[in-house]
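Visitor: okay, predicted coordinates and the sequence, questions at the end:
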Amino acid sequence: MFNGVDSYRSGVNDACSDVASINLRSLGTGNTLVLLNGKHLVNRQGTQAEGLVPTTTINMNVIPVMSLKRAEIFRDGTSSLCDNDAVAGIINMVLDKDFEGLEAVVKYEMSEGTDLDELTFNLRGGVNFNEGRSLFSFNANHFKREGIFPDERVYSKSSDLRSLIVGIEFEGDTDFRNSGRTNLWRQFQLVQAVRQNGQLITSSTDRHRIQPDSFSGCLTNLNNNLCIDDGNSDASLRYGKNADRSLIPEVDRNIVFTQASHIFTNDIEIYGEASYYDSTSKQFLEPTTAISSHSITVPVNNYWNSFSQVNFSDWRVNHNRLPGIDAPAEGLAMVLDINQETRYRVVDNRIRKSVVNNDCYRILADLRWQRGDWGLDSAILYARANTVDLTENRVSNTLFQQALANETKNIYNPFNGADPLHQNFGDASPNLNSVLENIFVNVKRKNTSTLNLIYFKLSNPYVS
């Protein structure tokens, strides 16, 4: 099973970009030993989570498919004999080193009604000389794909698929909702319950949430068609991830692979490989959550805090404090809820953009000797894989916390709601760009993996 670039990436620590891997017998992508012409491949630098376990894997996209002669699959676990990676088995990709001539293939594909299209160009050639004792072959590959967004397809336009099953036995089944458990509508934790004019406007556990005033349960009104409710977040307000992410990312890939061999005598042959691969992948990801296991506190001096102090430190009257509440005059701080189902996403028109650059090169020199029943196969291999993963518009917890502690209106306002007309995505009243610039950061990871291998095998079919 190949799980490649179409797989959805959710976090900054997940593998993304132009990656395809093998999951033999469904034992995990990191448990299959993958060889190229009988020799190891370098791991792609980066991880992907499988069953909450970070896994590294070979990137199958570095192999020039047009030169593939056959794939040898050994399904029995051979980790005790070969490698710890061979728990699920071994796959050996054998390339055609005897090809002669010149061949070019161009393929163009497009998806009707969308911007998705793919262009593939393959060129391979081979020649023998020295009376057939010397061979040289090469393969050049270029692949380019334009990505698409979910709204370009009816079935992916919304995360909530229940509208597609109307009229069948599964109609209304919440298993088809698929909306994110995180939320655009804030839920807050106070240190005490609060009443307004004698009426309780928080829950008995000191919580309250922001919601559109068109929803039932409103206990007190705020500005911009918003209100406060004391209950848990309404399931219909869950975040629809498909509105703000790529369905299929954009990819630009190039591969050059060369092979050469020379037979000195009937007993001695030298063989060599040299290859280079590079790719760039671009995709958009939904806005990040501001917090995970770390709580964010809205302090009492936050200008927009509805439960804050009566007067600011310069004795200005706080007009954002709710009238008639029994909160102390010095105000109440509150915590942005870190519950998994109500964790707040910082939307504010800032979706994440991921740009990943991969490159990999591999050099192999092999000496093969045969004398009677004895055979020698020795090789020196060096391979290196580099990854630069840039994700724009991630929220810094430190900067976000700092942006909440200010008595002026030029700070982040977590009480402005999302979009009352489109409750599952977007923000009708985003914070100012000058404020957002102070909390968003770009995250860049540079990773390198290398493989140095000296290979030596002496064999005789009659000696065990």
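Guide: Everything's here; your move.

Visitor: any idea of the mean pLDDT for stretch 26-42?
Guide: In this model, stretch 26-42 carries a mean pLDDT of 85.

Visitor: for it, buried residues please.
Guide: By 16 or more other Cβ atoms under 10 Å, the buried positions in stretch 26-42 come out as 28-37, 39-42. Where C-beta positions appear, they are placed from N, C-alpha and C, glycine not excepted.

Visitor: format those as CSV; extra columns: distance to residue 200 and secondary structure.
Guide: Output for the buried residues of stretch 26-42, formatted as CSV (distance: Cβ to Cβ, whole Å; DSSP: H, G, I helix; E, B strand; the rest coil):
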residue, distance to residue 200, secondary structure
28, 51, coil
29, 53, helix
30, 53, helix
31, 55, helix
32, 59, strand
33, 63, strand
34, 62, strand
35, 68, strand
36, 68, strand
37, 73, coil
39, 71, strand
40, 66, strand
41, 64, coil
42, 62, coil
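
Visitor: go ahead and confirm residue 20 touches residue 60.
Guide: Yes - here residue 20 reaches residue 60: they are 4.4 Å apart, a contact under Cβ atoms under 8 Å.

Visitor: quick revisit: from the buried residues of stretch 26-42, which single one is nearest residue 129?
Guide: Comparing those against residue 129 with Cβ to Cβ places residue 37 closest, at 21.7 Å.

Visitor: could I get the average pLDDT for the helix or strand containing residue 452?
Guide: Assessed by DSSP states H and E, residue 452 sits inside strand 440-459. Rounded to a whole number, the mean pLDDT of strand 440-459 is 91.

Visitor: tell me what residue 334 is bridged to.
Guide: For residue 334, the beta-bridge partners under DSSP bridges are residue 298.

Visitor: check contacts around it.
Guide: 188-191, 297-298, 305, 307 (Cβ atoms under 8 Å, 6 or more residues apart in numbering).

Visitor: mind checking which of the residues you listed are buried?
Guide: Neighbour-count burial (16+ other Cβ under 10 Å) applied to the contacts of residue 334 gives 188-190, 298, 305, 307.

Visitor: can you list those in CSV and add secondary structure?
Guide: Putting the buried ones among the contacts of residue 334 into CSV (DSSP: H, G, I helix; E, B strand; the rest coil) gives the following:
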residue, secondary structure
188, strand
189, strand
190, coil
298, strand
305, coil
307, coil
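
Visitor: farthest pair within those?
Guide: Those two in these that are separated most widely, counting by Cβ to Cβ, are 189 and 305, at 13.3 Å.

Visitor: just give the number of residues close to residue 199.
Guide: Residue 199 has 9 neighbours, counted by other Cβ atoms under 10 Å.

Visitor: chain neighbours aside, what residue packs nearest to it?
Guide: Spatial nearest neighbour of residue 199, excluding adjacent residues (Cβ to Cβ, 6 or more residues apart in numbering): residue 219 at 6.8 Å.
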